[in-house]
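S.K.: What shape does this take:
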Amino acid sequence: MNGIELLCQYQNGRKSFSRNGLSRIEIIQSELSEIDFSRSELDWVNFSGTNLSGANFIRADLMHAKLISTKLIGANFKSADLSFADLSWANFENANLIRADLTDVNLKQACLINADLTDANLSGANLTGVDLSGAKLNRANLSGANLTGVDLSGANFSRADFSDANLTGANLVEVDFYRADLSECNLQRANLTHTTFKGANFSNANLRGASLKGVTLKDFKSTLSMKAELNIAELSFSYRLDASAANFSGADLSGANLRNSSLRSAFMEKTKLMNANLKDSSLIGVYLKNSNIRGANLDNSVLSGINLQGTTMPDGSVHH
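M.R.: Predicted coordinates for the structure are as follows:
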């Protein structure tokens, strides 16, 4: 069946094309809303500019498909294979992409507002300019994905994999990164205001110039390893920072404003805190071995049970 035959049958009332072999067909700028392509072979098809809103693509094979500027509002792609597809400028608003394979897809400037991408595989995907506001990406795989400058505000990325992803300049306001893997992730100049990182992994992440105002870091495990870059001298928290049990080993927090923060049991070996403001903070049980707190403001701070071996103290002396 070619594209012309399929379109004629659709226009005559047929909407079910489930389990059909339809590889390489081409239907451009047409009307195919509510069509059923579940479990069909649609690899290398070209549906660019077509209205496929409400369509059923459950378990369909769409490898290398072209869906450029295609309207896919509310479409169901559950467990579909869209790897290597060109989905640029497509509208996936409210679409179901649960467990979809989106490996190496081009989603440049696509709309994914309120889309459900739970357990989806987006490794290596190009997501520049994409709108993911309100999207669900729980446990999604975004390793190596390009999200430069993307607006992800309010998204849920709990347990998602962002390892080696590029989030430079991304808007991550109020995002939930609960137990997410952000190891080797580039977060330079990202806006992380009021973002939740409970249990997240930031080993070797680059947070240079990022805004972390009011973030929640409680139970921040295996984060900001010794190779991590956190050279943000103007880091300022407008709300009480809870970084209990956080791992800031090797991080550069020189000049950071951490006033009234909770750093109880934090691991801060070889951490740079020169001229940092730690006034009124709780540092009970903090591991500060071989760190540098020269010039730091510790007025009214609670300093019980701290390991200061080899640490450069506020007055410049080294603690032995």
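
S.K.: ranges for the helices of the stretch 201-320 of the chain?
M.R.: Using DSSP state H, counting those that start in this stretch, no helices are found in the stretch 201-320 of the chain.

S.K.: Apologies, that question was intended for the stretch 1-150 of the chain.
M.R.: Under DSSP H, counting those that start in this stretch, the stretch 1-150 of the chain gives helices at 3-11.

S.K.: ok, now how distant is G285 from A296?
M.R.: 18 Å (Cβ to Cβ, to the nearest Å). For every residue, glycine as well, the C-beta is placed using N, CA and C.

S.K.: who's more crowded, the two?
M.R.: Taking other Cβ atoms under 10 Å, G285 and A296 do not tie; A296 has more neighbours (24 against 15).

S.K.: The more buried one is in contact with T271, isn't it?
M.R.: No - the pair A296 / T271 is not scored as a contact, 10.9 Å apart, by Cβ atoms under 8 Å.

S.K.: any low-confidence regions in this structure?
M.R.: The model of the chain has pLDDT under 70 over residues 207-247, 251-252, 256.

S.K.: and stretch 25-43, how far from the chain's centre?
M.R.: Offset of stretch 25-43 from its chain centre (Cα atoms, centre = their mean, to the nearest Å): 31 Å.

S.K.: which of the residues in that stretch are buried?
M.R.: Using 16 or more other Cβ atoms under 10 Å as the burial criterion, the residues of stretch 25-43 that qualify are 25, 27, 32-33, 35-43.

S.K.: Show me the contact partners of stretch 153-160.
M.R.: 132-142, 171-181 (Cβ atoms under 8 Å, 6 or more residues apart in numbering).

S.K.: Please pick the buried ones from those residues.
M.R.: Buried subset of those (neighbour count, 16+ other Cβ under 10 Å): 132-133, 135-142, 171-173, 175-181.

S.K.: count of neighbours near S304?
M.R.: That count, for S304 with other Cβ under 10 Å as the rule, works out to 10.

S.K.: wait, N206
M.R.: Neighbour number of N206 under other Cβ under 10 Å is 21.

S.K.: Any idea what it is bridged to?
M.R.: N186, E229 (DSSP bridges).

S.K.: Distance-wise, check it relative to L187.
M.R.: On the measure of Cβ to Cβ, N206 and L187 end up 6 Å apart.

S.K.: List the contacts of the closest residue to N20 other than its chain neighbours.
M.R.: Nearest in space to N20, with sequence neighbours left out and distances taken as Cβ to Cβ, 6 or more residues apart in numbering, is S40 at 4.7 Å. Residues near S40 by Cβ under 8 Å, 6+ apart: F17, S18, R19, N20, G21, L22, A60, D61.

S.K.: I'd say the last one and V45 touch.
M.R.: Spelled out, that is D61. No - using Cβ under 8 Å, D61 is not in contact with V45; the gap is 9.7 Å.

S.K.: Compare these two (neighbour count), which wins?
M.R.: Ranked by neighbour count (other Cβ under 10 Å), D61 and V45 place V45 first, with 26 against 23.

S.K.: Identify the residues contacting that one.
M.R.: Per Cβ under 8 Å, 6+ apart, neighbours of V45: L22, S23, R24, I25, E26, I27, L62, A65, K66.

S.K.: Dig out what the fifth one forms beta bridges with.
M.R.: Counting by DSSP bridges, E26 forms beta bridges with N46.

S.K.: so it touches I4, yeah?
M.R.: No - with contact defined as Cβ under 8 Å, E26 does not count as touching I4 (9.2 Å).

S.K.: Make a markdown table from the contacts of S40 and add distance to G154 to it.
M.R.: Shown next, in a markdown table, are those (distance: Cβ to Cβ, whole Å):
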| residue | distance to G154 |
| --- | --- |
| F17 | 36 |
| S18 | 36 |
| R19 | 38 |
| N20 | 39 |
| G21 | 41 |
| L22 | 37 |
| A60 | 30 |
| D61 | 33 |
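
S.K.: Of those residues, just the buried ones, ChimeraX syntax please.
M.R.: Burial among the contacts of S40 is assessed by 16+ other Cβ under 10 Å; the matching ChimeraX selection reads:
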select :17,20,22,60,61
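
S.K.: who's in contact with D176?
M.R.: A155, N156, F157, S158, T195, T196.

S.K.: If the last one is in a bridge, with which residues?
M.R.: By that I understand T196. Under the criterion used (DSSP bridges), T196 bridges to D176, T216.

S.K.: May I have the beta-bridge partners of D101?
M.R.: Beta-bridge partners of D101, as defined by DSSP bridges: D81, N121.
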